[in-house]
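Chemist: attaching a predicted model along with its sequence, questions to come.
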Amino acid sequence: MQIQKSSMKNSSIRKFLFILPFMVLLGVFAYYPLYGWVYAFFDYTPPIPLSKSPFVGLKWFYTLVENQVKIDQTLQIIKNTFGMSGLNLLFSWLPMIFAIFLNEIKAIRFRRFIQTVTTLPNFISWVLVYSLAFSMFSSEGIVNGLLKQLGVIDSPILLLQNSDHVWIMMWIWTTWKTLGWSAILYIAAIMSIDDSLYEAAYVDGATRMRVIWHVVLPSMVPTYFVLLMLQIASFLNNGLEQYFVFQNAFNKDSIQVLDLYVYNLAMGGGSYSVSVAISMLKSLISVVLLFSVNGLSKRLRGESIV
Amino acid sequence: MSDTAAGLAPNDKVPGSHLTRKMKVQVSPTDKMITVLTYVLFSLYAFICVYPFYSIIINTISANDISAKGDVIFYPINIQFHNYVDAFKIPGLWDAAIVSIGRTVIGTTLTVGASAFLGFMFTQEDMWKRKFWYRYTVLTMFFNAGVIPWYLTMRSLHLTNNFFAYILPTIVAPFFIILVKTFVESTPKELQQAASIDGAGTMTLFFKVMLPICKPILATVAIFAAVDQWNSFQDTLLLVTESKLYSLQFILYNYINQASSISNMVNLQNAGSTAITSLATKQTTTSIRMTVTIIVVAPILLVYPIFQRFFVKGIMLGAVKG
């Protein structure tokens, strides 16, 4: 009995040893970078190593709000982040509408074509999106060429080198890239609707719009709720790539979201410590947001989302 | 999730299709208007999604002097493929192609292998602290230290200007592990039990029994991982300064901003050789930029239509879990 028990223990440990190397990898690349947060508390200027940099406590956190100029700068970044995340949040119902009306198309081949084509942009990188945008909308781009030929305009419209409507432009690129793909989850929700619900609705003489309103839409609410919560949780995480590739001297003031700002600070300006301080604040707030929406979800639906 | 629902659901089953036929009698004018509007709007949106790719392709294979005037709008004019020959004369393009292909092949293989193995191992209930290690893995999806702390730690690990920086951080991917784990859990337990009774160890169980069964889900994981690797840009931006290690995405970004000097260089090379350069094949800033764009996007365009159902399957299975 004793021997059997210890051999079971051995096999249990051996199984763990198989996955240990992978857990180490995860530790190094996902958990160990958290240690990088210590840079926020030192006056770190490369090439002087961290061990020889002076400890400055919370100095960098204070510098974000130390005078009016800094406050304005910080506020502008926050405004951009909130503006662009807010726009995405405001239109978060679009994929749902997309799915509803795609489902209304009864010609299967046509629908399959639409679905394939509209999900494609999700699978190209932001660099490629930028490159396509550049080819289409730059001063020598296809659209400007066409408009000039048609005599609509004399001088090219500079859509990309423009400080106006930057937030809306960014929202348009995001939507172009992700709309078709985001709709797929909602299409799955529509698929799971029981046929008898439709039957009942039609027997009651419901019109098509009423069926959409009373049968199709309610079936998507749970999915929408979960996705909305996750979107709120990542409100501060706009990502770097999209804003980095689209940024230029003209739109810099209105395109810098937190993620781009910390990158520009560190890699452009060499201010690693301030940058890490902001990163750290951002990550902490994001975790709090995640817990909050998770708690909210538990209270409203009795189900956690993570 | 049933298999029919997972494999591109909307096409296989039309909810209430038998009903619509029955109900055709009472199609109201509003219903008709909705139908027409739906078709028009979706066609328009599909056009917006496809046209950028299409217009760039027809521009790169048309005579450069004509495409420069903006005359190529719906179909190619004076077809020529010289741009693609010239593109590979750009210094660094071949190197970058090799880097991109290399990281995609090696990275995908390792990610798929690790996801399969870990997804399987996390179903082994007798593993020491299984629940803890699973949470430890999944948790990493919900936080990150930030780009700069990540950069600083990568640098301290000597993973700057290092090809391994493209591979090592991507090997353990929690989302893919969840996909495989869910799949393994959906297979009958008896399979593993029977093999265990026959004396199969953990490794035999994995390689001989589970791996063959998991093929469909591994195909999904592979296609996702490959697209991620191919599209990856941020790691090169942060970690690589040596031009030998630039990926295609990264040099495309560079070319967008400095294509004029490159087109001059290629034209100069062509002038030196015996090749006849006419206006039709002379490289312009735009022709270089567009040609490289198509070269970088081509693998996605070729692979995507074939594997679209795998992509859809992936997101459906992922949605079930989380």
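Modeler: Nice, thanks for sending it over.
Chemist: tell me, what residue is most central in chain A?
Modeler: With distances taken as CA atoms, centre = their mean, residue A:238 lies nearest the centre of chain A, 5.0 Å away.
Chemist: list the residues that contact that one.
Modeler: When contacts are counted by CB atoms under 8 Å, 6 or more residues apart in numbering or on different chains, residue A:238 touches A:81, A:84, A:85, A:257, A:258, A:259, A:260. To be clear about C-beta, it is placed using only N, CA and C from the backbone, and glycine gets the same treatment.
Chemist: am I right that it sits in a strand?
Modeler: No - if the criterion is DSSP: H, G, I helix; E, B strand; the rest coil, then residue A:238 is coil and not within a strand.
Chemist: residue A:258 contacts residue A:79, doesn't it?
Modeler: No - Residue A:258 is beyond contact range of residue A:79, at 11.0 Å (criterion: CB atoms under 8 Å).
Chemist: which one's more surrounded, those two?
Modeler: With neighbours defined as other CB atoms under 10 Å in any protein chain shown, residue A:258 and residue A:79 compare such that residue A:258 has more, 24 against 15.
Chemist: look up how far chain B lies from the nearest residue to that one once chain neighbours are set aside.
Modeler: Spatial nearest neighbour of residue A:258, excluding adjacent residues (CB to CB, 6 or more residues apart in numbering or on different chains): residue A:81 at 5.0 Å. According to CB to the nearest CB, to the nearest Å, residue A:81 stands 14 Å off from chain B.
Chemist: I'd assumed residue A:142 was in contact with residue B:70.
Modeler: Yes - using CB under 8 Å, residue B:70 is in contact with residue A:142, at 6.9 Å.
Chemist: ok, the two, which is more surrounded?
Modeler: residue A:142 (23 against 18).
Chemist: just checking, that one touches residue B:55?
Modeler: Yes - counting by CB under 8 Å, residue A:142 touches residue B:55, with 5.3 Å between them.
Chemist: picking that back up, so what's the residue nearest to residue A:258 up against?
Modeler: Residue A:81 neighbours (CB under 8 Å, 6+ apart): A:235, A:236, A:238, A:257, A:258.
Chemist: in what helix or strand does it lie?
Modeler: helix A:68-90 (DSSP states H and E).
Chemist: relative to the whole chain's centre, how far out is that helix?
Modeler: 16 Å (CA atoms, centre = their mean, to the nearest Å).
Chemist: same for the helix or strand that that helix is followed by, what does it pack against?
Modeler: Counting by DSSP H and E, the next helix or strand C-terminal to helix A:68-90 is helix A:94-104. On a contact count with 3 or more CB pairs under 8 Å, 6 or more residues apart in numbering or on different chains; DSSP states H and E, helix A:94-104 meets helix A:108-119, helix A:166-191, helix A:217-233, helix B:29-60.
Chemist: alpha carbons only: can I get the third one in PDB?
Modeler: This file holds the C-alpha atoms of helix A:217-233, laid out as PDB (Å, rounded to 0.1, in the frame of the first residue of the first chain):
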ATOM      1  CA  LEU A 217     -31.700  40.500 -30.400                       C
ATOM      2  CA  PRO A 218     -32.300  39.000 -27.000                       C
ATOM      3  CA  SER A 219     -30.300  35.900 -27.900                       C
ATOM      4  CA  MET A 220     -27.200  38.000 -28.400                       C
ATOM      5  CA  VAL A 221     -27.400  40.000 -25.200                       C
ATOM      6  CA  PRO A 222     -25.300  37.600 -23.100                       C
ATOM      7  CA  THR A 223     -22.500  37.600 -25.800                       C
ATOM      8  CA  TYR A 224     -22.700  41.400 -26.100                       C
ATOM      9  CA  PHE A 225     -22.500  41.800 -22.300                       C
ATOM     10  CA  VAL A 226     -19.400  39.600 -21.900                       C
ATOM     11  CA  LEU A 227     -17.600  41.300 -24.800                       C
ATOM     12  CA  LEU A 228     -18.600  44.800 -23.500                       C
ATOM     13  CA  MET A 229     -17.200  44.000 -20.100                       C
ATOM     14  CA  LEU A 230     -13.900  42.700 -21.600                       C
ATOM     15  CA  GLN A 231     -13.700  45.900 -23.700                       C
ATOM     16  CA  ILE A 232     -14.200  48.000 -20.700                       C
ATOM     17  CA  ALA A 233     -11.500  46.100 -18.900                       C
END
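Chemist: done for today, thanks.
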